[in-house]
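Visitor: okay, predicted coordinates and the sequence, questions at the end:
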Amino acid sequence: MTEPAVPTTAGSALSAELSAMPLALTLVESLSAAALRQRSATLLQRHLGLALAECLYIDGSGRWLGRDVGEDQFDCGDFHHPYAHVIRSGKPLLLSVADARIRLDHPGFQSQVASLGASLHLHIRPLRGGQSGREWLGVIVLAGTQARLKVLAEDPGMAAFEGLLCRLWTRLAREQGERHRSQILQDSLTKLNDGARRQALADRLAEDLLGHSNAMQALRRHIVRAAETNLAVLLQGETGTGKDRVARAMHQLSARAEGSFMAINCAAIPETLLESELFGHGKGAFSGAEHAREGLISQADGGTLFLDEIGDMPLALQAKLLRVLESGRYRPLGENEERCADLRVVAATHQPLREQIKEQRFRADLYYRLGQFPITLPPLSERRDDIAQLAQSFITDFCAREGRDEMGITPAALRLLYRREYPGNVRELKNVIDYACAMTPHDADIDTYLLPGEQGGFLTGSGLEETPPPGEDATLALPNDIVDLRQAMRDIESIIIRQRLNRFGGNRAQTAQSLGLPKRTLAHKCQLLELDIK
Ligand SMILES: Nc1ncnc2c1ncn2[C@@H]1O[C@H](COP(=O)(O)OP(=O)(O)OP(=O)(O)O)[C@@H](O)[C@H]1O
């Protein structure tokens, strides 16, 4: 069977159309809208012999036209360049370069046409796409002879090229937008997950590092962040604020949790021993070294080394520690070979290291190396809201440890705890509670008169001094800083009644009689003052 004959003219038109296919393919293969614009411009310039061809795009806000080459932006409302006119009218514009140079003085536009001959013309065409064909994409600017540009403006091939360009551009822009949006969503989900995961870890920490105060919540968040890294951590805070506890918690949270946590108190070990404790020693390294011994650095390999009271480390050892931190290398005493250790160092101090640096007792370089992630622990006086929770937890611990029935604490005693000064911070609170627990009779709650004082006697935090070993007469020293008279009177009344109750073994009838009160009045006062001694 023979193929039907194709008329020659139709044949040449078809082959002309087919010859455009590679151009179309080049555009179709563009992976981004920017690549498509640049390919289109290059094809037009090369195939049509134009002096300039460039696509400018309208940015997401619709306010600017941008260029893929260079940083220039053209404000769509600024009529000192021709693009604003095209966008405003939605129609193509033909103008001479000479004219444009004189009338349109936008610096970006001027530099764009600077290299063009004055006899050439510019043809600027709006580019729109989308389903309605009305969505603004940008403009295309062509430069060439006036005659060439006029022919092009009427050329169906050019119209087809422009149509393809706009369709592909619309599609790529959509895909890009979707990719961008899904990336943003992905990023924010990741952030959310990170945030939620970190919060969950911080909440878990709250079981060990008690405290609802803002300061403690912030501290726990810092610990979680620090635990994610391998940075050296410097814990600074007054004695008893929980530095040791924080260091252990950080190790547990970190990727090194499976490794060992080795701790040393640099102030508690004689200088001469500290080095061999840390670095270890070979056999016969010094007199008495009958066996080789691993140091803490080696034992902490893969884990965490906690250097407590780092401010007390001798200067000579500070230099050696710095070397370990910087190179991971160290040499045990009396050995020739260097060893490597992969450890994270957490150091702690209650001393003002900056002062020590000024006095040349601490190396500045070590200070900065140790403090890659500095954390300051708040004193208890700055987070009094945590006192009740801490006290309750210490009572529970005491009862569990000593096999006692759970006991409570009276609101009055809590108030005193709340007002007390705590130079020894949480450790001091714990000691106060342990003492009070030990002194509290079975089936009773911790009460004010059972709280130990600070000066060897019995001093309550309100400043009301109560010096009665239970059963003896009270002497009250009134503080100078009473700010709430009614509360102070209640406290005094509470102390007197409590002591008297105590003296009479809790017998309310005798207590009432000794105080010249009817029994019923005393019972009422006990209720008001929340005195629960039977
Ligand atoms: N947030 C807390 N929650 C529960 N217990 C705490 C908390 N902070 C501290 N403690 C307890 O207080 C006591 C002192 O804490 P720790 O030894 O960690 O303090 P420190 O700052 O290292 O003290 P020092 O500087 O004297 O070495 C410990 O019994 C510890 O368990």
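Guide: On my side now, so go ahead. Numbers count the residues shown, from 1 in each chain.
Visitor: show me the contacts for residue 315.
Guide: 361, 362, 363 (Cβ atoms under 8 Å, 6 or more residues apart in numbering). Yep, even glycine has a C-beta here, placed from its N, CA and C like the rest.
Visitor: quick check, the second one in a helix?
Guide: Yep, that's residue 362 we're talking about. No. Secondary structure of residue 362 (DSSP: H, G, I helix; E, B strand; the rest coil): coil, not part of a helix.
Visitor: so what's it up against?
Guide: 311, 315, 318, 353, 356.
Visitor: ignoring the adjacent residues along the chain, who's closest to the last one?
Guide: Looking back up the chat, that one is residue 356. residue 362 (3.8 Å; Cβ to Cβ, 6 or more residues apart in numbering).
Visitor: and the nearest residue to residue 374 once chain neighbours are set aside, how far from residue 366?
Guide: Distance criterion Cβ to Cβ, 6+ apart; nearest residue to residue 374, sequence neighbours excluded, is residue 234 at 4.8 Å. Separation of residue 234 from residue 366 (Cβ to Cβ, to the nearest Å) stands at 10 Å.
Visitor: what about this structure, any weak spots by pLDDT?
Guide: 1-16, 178, 181-182, 184-185, 188-189, 191-192, 453-481, 502, 505-506, 532-534 (pLDDT under 70).
Visitor: any residues of it in contact with the ligand? List them.
Guide: 209-211, 237, 239-245, 308, 350, 426-427, 430 (Cβ under 6 Å from any ligand atom).
Visitor: out of the residues you listed, which is nearest to residue 397?
Guide: residue 430 (8.4 Å; Cβ to Cβ).
Visitor: for that closest one, give me its contacts.
Guide: So residue 430 contacts 390, 394 (Cβ under 8 Å, 6+ apart).
Visitor: for the residue nearest to residue 350 when sequence neighbours are not counted, give me its contacts.
Guide: Closest residue to residue 350 apart from its sequence neighbours, by Cβ to Cβ, 6+ apart: residue 239 at 4.9 Å. With contact set as Cβ under 8 Å, 6+ apart, residue 239 has these partners: 350, 424, 425, 427.
Visitor: now the helices for the stretch 101-250 of the chain?
Guide: Secondary structure of the stretch 101-250 of the chain (DSSP state H, counting those that start in this stretch): helices at 107-113, 146-154, 156-205, 214-227, 243-253.
Visitor: pull out the buried positions in stretch 248-262.
Guide: Neighbour-count burial for stretch 248-262, counted by 16 or more other Cβ atoms under 10 Å, picks out 248, 249, 250, 251, 253, 254, 256, 259, 260, 261, 262.
Visitor: turn the residues you listed into a markdown table, columns for distance to residue 177.
Guide: Output for these, formatted as a markdown table (distance: Cβ to Cβ, whole Å):
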| residue | distance to residue 177 |
| --- | --- |
| 248 | 50 |
| 249 | 45 |
| 250 | 43 |
| 251 | 46 |
| 253 | 40 |
| 254 | 41 |
| 256 | 44 |
| 259 | 47 |
| 260 | 52 |
| 261 | 50 |
| 262 | 54 |
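Visitor: now residue 331: how far from residue 275?
Guide: 11 Å.
Visitor: looking at those two, which one has more neighbours?
Guide: Ranked by neighbour count (other Cβ atoms under 10 Å), residue 331 and residue 275 place residue 275 first, with 20 against 16.
Visitor: spit out the contact partners of the more buried one.
Guide: Counting by Cβ under 8 Å, 6+ apart, residue 275 has contacts 317, 320, 333.
Visitor: over to residue 529?
Guide: Contacts of residue 529 (Cβ under 8 Å, 6+ apart): 412, 490, 493, 494, 497.
Visitor: count the residues that sit near the first one.
Guide: Residue 412 is surrounded by 22 other residues when neighbours are defined as other Cβ under 10 Å.
Visitor: that older thread, of the contacts of residue 315, closest to residue 395?
Guide: residue 362 (39.8 Å).
Visitor: number of residues surrounding residue 228?
Guide: The number of residues packed near residue 228 is 14, by other Cβ under 10 Å.
Visitor: likewise for residue 499?
Guide: There are 21 residues near residue 499, going by other Cβ under 10 Å.
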